[in-house]
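K.L.:
build me a model from this:
(chains A and B)
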Amino acid sequence: MRAVARGDDQPSAPRPGALETLLDRVSRGDQDAFDGVYTAVAGSVLGLVRRVLRDPAQSEEVAQEVLIEVWRSAARFDPRQGSAMAWIMTVAHRRAVDRVRSAQASTAREHKAAARDHRPAFDEVSEQVERRLEREQVRRCLEQLTALQRESVTLAYYRGYTYRETADLLDTALGTVKTRLRDGLIRLRDCLGVTS
Amino acid sequence: MTTVDLHTLTGAYALDALPEAEEREFAGHLEACEACAREVAELRETAARLALAVAEVPPTALRSRVMAAIPEVRQLPPRARQDTVRPLRARGWRQRMPYLAAAACLVGAAVAGGVAVNAEHEADQARAHTARAEQQAAQVQSVLAAPDATVRTAALKGGGTGTVVASKQLGRTAFLYSDLPALPGSHVYELWYSRNGTMVPAGLVASGSTSGSTVLAGAPAGAAGVGVTVEPHGGSPRPTTAPVLLVPLS
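P.N.:
Next up, the predicted model:
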């Protein structure tokens, strides 16, 4: 089974449906299949969590929790509701955001200060990234958004901010940010050719 | 909030950018709005692409830790069929977990550090054990997430901490406990509602469990407080010992 996830030319990009197939086997306790899932998603899980949390040790800890959660609840994945990758990233983002928000009260100020210096996330993408193509495509599509759409989406997703915090940072009306999050994502969706 | 207003929240919802109360409201809306649910699913797919674009090479130690951990982690059974029929319903517990975590953190602020982690961890373990325990945990979470929930924490006589979370709106009370002194197998912790000066049985803490959570039998309406006593195995119809915990409900 490792051939499915690792043996081909793009180790971290299994063919469409491969991740779903692996996950199905994981749900039946197949640890080898889980190894394949790990290979396919661990880099993205860690990268995303780290975007949100920043702290490397805490990020690894949360990424570990997320990956174990994938093992634990693989049987709960429902392919009718979306791809396995989206399911896993939803779990990862949620965990990271929860970690930030539970710790937020005490650090709200510095958090905010840090964010003001923040440049759009795609500019700080690590050189270690494996998915060059993916990255290029996402960058290209992000560039097609308006500045406000792009900033709203990246602050909310990569920083884990609520739309209120995002509006505050961007000094923009709440309603505007809500709308930009939606139409920004819709434009991204169309640009990336995402279907569900 | 109008339906049109709500519909514009699909983006914020897909990015976990809604504050808790609005997130709950929107999740309720999703159950009735198929178009919104479909849009959220698509926007989540889109967001996942943003995650792929920031992938890193994980340290090999992470793989070792995860692979070493999973043989000891019990897997959840598939969800009962009726729960998976409606779109996004299956998000259920996964999305509600955050409320437990957040509410438990709130609780944790008032008690010894680590309670939140324990409560979550224990809820996790309970959920993994049986479908019944899972339902129980979901009920605890729903109480913690209720907008009118009142939270009271107190130390038990003899050790440990108890937190009573009551929602009159839901008609439910949850009891979160940590570090309860272990009892001999012949005894259990029993929960009580105090009604009109009488202690009414409200269920037992799972035998042998020293940290975790449970939902009381019966609604909090009309009860003046919640009590805990140590009773012979199987519980008693009325308390046979002095309460180790008494918390007012108001």
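K.L.:
tell me the spacing between A:Gly29 and B:Met67.
P.N.:
As judged by C-beta to C-beta, to the nearest Å, A:Gly29 and B:Met67 stand 14 Å apart. C-beta here means a position set from N, CA and C on the backbone, and glycine is covered the same way.
K.L.:
how does chain B divide into domains?
P.N.:
Following automatic domain parsing, one gets these domains for chain B: B:1-73, B:147-248.
K.L.:
what's the least confident stretch among these?
P.N.:
Mean pLDDT is lowest for domain B:147-248 among the domains of chain B, at a mean of 86.
K.L.:
touching chain A at all, that domain?
P.N.:
No: judged by C-beta under 8 Å from any C-beta of the partner chain, domain B:147-248 and chain A are separated, with a smallest distance of 15.5 Å.
K.L.:
CA atoms only for the host helix or strand of B:Thr229, dumped as CSV, please.
P.N.:
Taking DSSP states H and E as the criterion, B:Thr229 maps to strand B:225-232. Extracted as CSV, the C-alpha positions of strand B:225-232 are listed here (Å, rounded to 0.1, in the frame of the first residue of the first chain):
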residue,chain,number,x,y,z
GLY,B,225,-28.7,22.9,44.0
VAL,B,226,-26.7,19.9,43.1
GLY,B,227,-25.0,17.6,45.6
VAL,B,228,-22.6,14.7,45.5
THR,B,229,-22.5,11.9,48.1
VAL,B,230,-20.6,8.6,48.5
GLU,B,231,-23.0,5.7,48.3
PRO,B,232,-22.9,1.9,48.3
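K.L.:
what would the domains of chain B look like in TSV with mean neighbour count?
P.N.:
Formatted as TSV, those follow (neighbours: other C-beta atoms under 10 Å in any protein chain shown):
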stretch	mean neighbour count
domain B:1-73	19
domain B:147-248	18
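K.L.:
export those as TSV, with columns for distance to A:Ala167.
P.N.:
Below are the domains of chain B laid out as TSV (distance: least, C-beta to C-beta, whole Å):
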stretch	distance to A:Ala167
domain B:1-73	10
domain B:147-248	23
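K.L.:
nearest to A:Trp71, out of these?
P.N.:
Across these, A:Trp71 has its closest neighbour in domain B:1-73 (4.6 Å, C-beta to C-beta).
K.L.:
hmm, who's touching the helix or strand just after the strand holding B:Thr229?
P.N.:
Going down the chain from strand B:225-232, the next helix or strand is strand B:245-248, by DSSP H and E. Here strand B:245-248 makes contact (C-beta atoms under 8 Å, 6 or more residues apart in numbering or on different chains) with B:Arg152, B:Ala154, B:Leu156, B:Lys157, B:Gly162, B:Val164, B:Ser194, B:Ala224, B:Gly225, B:Val226, B:Gly227, B:Val228.
K.L.:
next: stretch A:50-61.
P.N.:
Stretch A:50-61 has contacts (C-beta under 8 Å, 6+ apart) with A:46, A:49, A:62-63, A:93, A:96-97, A:99-100, A:114, A:121, A:158-160, B:54, B:56, B:59, B:62.
K.L.:
again, only this time at 7 Å
P.N.:
Residues outside stretch A:50-61 that contact it (C-beta atoms under 7 Å, 6 or more residues apart in numbering or on different chains) are A:46, A:49, A:62, A:96-97, A:99-100, A:121, A:158-160, B:54, B:56, B:62.
K.L.:
which secondary structure state is assigned to A:Leu185?
P.N.:
Per DSSP: H, G, I helix; E, B strand; the rest coil, the secondary structure class of A:Leu185 is helix.
K.L.:
that one touches B:Gly11, doesn't it?
P.N.:
Yes: counting by C-beta atoms under 7 Å, A:Leu185 does reach B:Gly11; the two are 4.7 Å apart.
K.L.:
touching both of these two, which residues are there?
P.N.:
Residues touching both A:Leu185 and B:Gly11 (C-beta under 7 Å, 6+ apart) are B:Leu43.
K.L.:
what about stretch B:176-196, how long is it end to end?
P.N.:
Using C-alpha to C-alpha, to the nearest Å, one end of stretch B:176-196 lies 24 Å from the other.
K.L.:
can you check stretch A:68-87 too?
P.N.:
Start-to-end span of stretch A:68-87 (C-alpha to C-alpha) is 14 Å.
K.L.:
how about it: buried residues?
P.N.:
Neighbour-count burial for stretch A:68-87 flags A:68-78, A:81-87 (criterion: 16 or more other C-beta atoms under 10 Å in any protein chain shown).
K.L.:
and the contacts of it?
P.N.:
Residues contacting stretch A:68-87 (C-beta under 7 Å, 6+ apart): A:19-20, A:23, A:26-27, A:34, A:37, A:41, A:88, A:91, A:196, B:41, B:44-45, B:48, B:66, B:69-70, B:73, B:75-79, B:84, B:87-88, B:90.
K.L.:
rerun that using 6 Å as the cut-off
P.N.:
Contact with stretch A:68-87 is made by A:19-20, A:23, A:26-27, A:34, A:88, A:91, A:196, B:41, B:44-45, B:48, B:69-70, B:73, B:75-76, B:78-79, B:84, B:90, as judged by C-beta atoms under 6 Å, 6 or more residues apart in numbering or on different chains.
K.L.:
next step: these restricted to strands.
P.N.:
Among these, none falls in strands (DSSP state E).
K.L.:
in helices, which of those appear?
P.N.:
Among the contacts of stretch A:68-87, the residues falling in helices (DSSP state H) are A:19-20, A:23, A:26, A:34, A:88, A:91, B:41, B:44-45, B:48, B:69, B:84.
K.L.:
for chain A, just list every one of the helices.
P.N.:
Assigned by DSSP H, the helices in chain A fall at A:2-5, A:18-26, A:31-53, A:56-72, A:84-116, A:132-143, A:147-159, A:163-170, A:174-192.
K.L.:
out of those, which gets the lowest mean score?
P.N.:
Mean pLDDT is lowest for helix A:2-5 out of the helices of chain A, coming in at a mean of 38.
K.L.:
tally of neighbours for the residue lying closest to A:Gly29 once chain neighbours are set aside?
P.N.:
Among residues not flanking A:Gly29 along the chain, B:Gln75 sits closest, at 6.3 Å (C-beta to C-beta, 6 or more residues apart in numbering or on different chains). Using other C-beta atoms under 10 Å in any protein chain shown, B:Gln75 has 17 other residues around it.
K.L.:
and B:Gln75, what pLDDT?
P.N.:
Model confidence at B:Gln75, expressed as pLDDT, equals 95.
K.L.:
now the helices for chain B?
P.N.:
Listed in chain order, the helices of chain B (DSSP H) span B:3-7, B:10-14, B:20-32, B:34-52, B:60-69, B:81-85, B:92-110, B:115-129, B:131-145.
K.L.:
so what touches stretch B:217-231?
P.N.:
The contact list for stretch B:217-231 (C-beta under 6 Å, 6+ apart) reads B:164, B:166, B:168, B:171, B:173, B:187-195, B:202-203, B:239, B:241, B:243-249.
K.L.:
alright, calling it a day.
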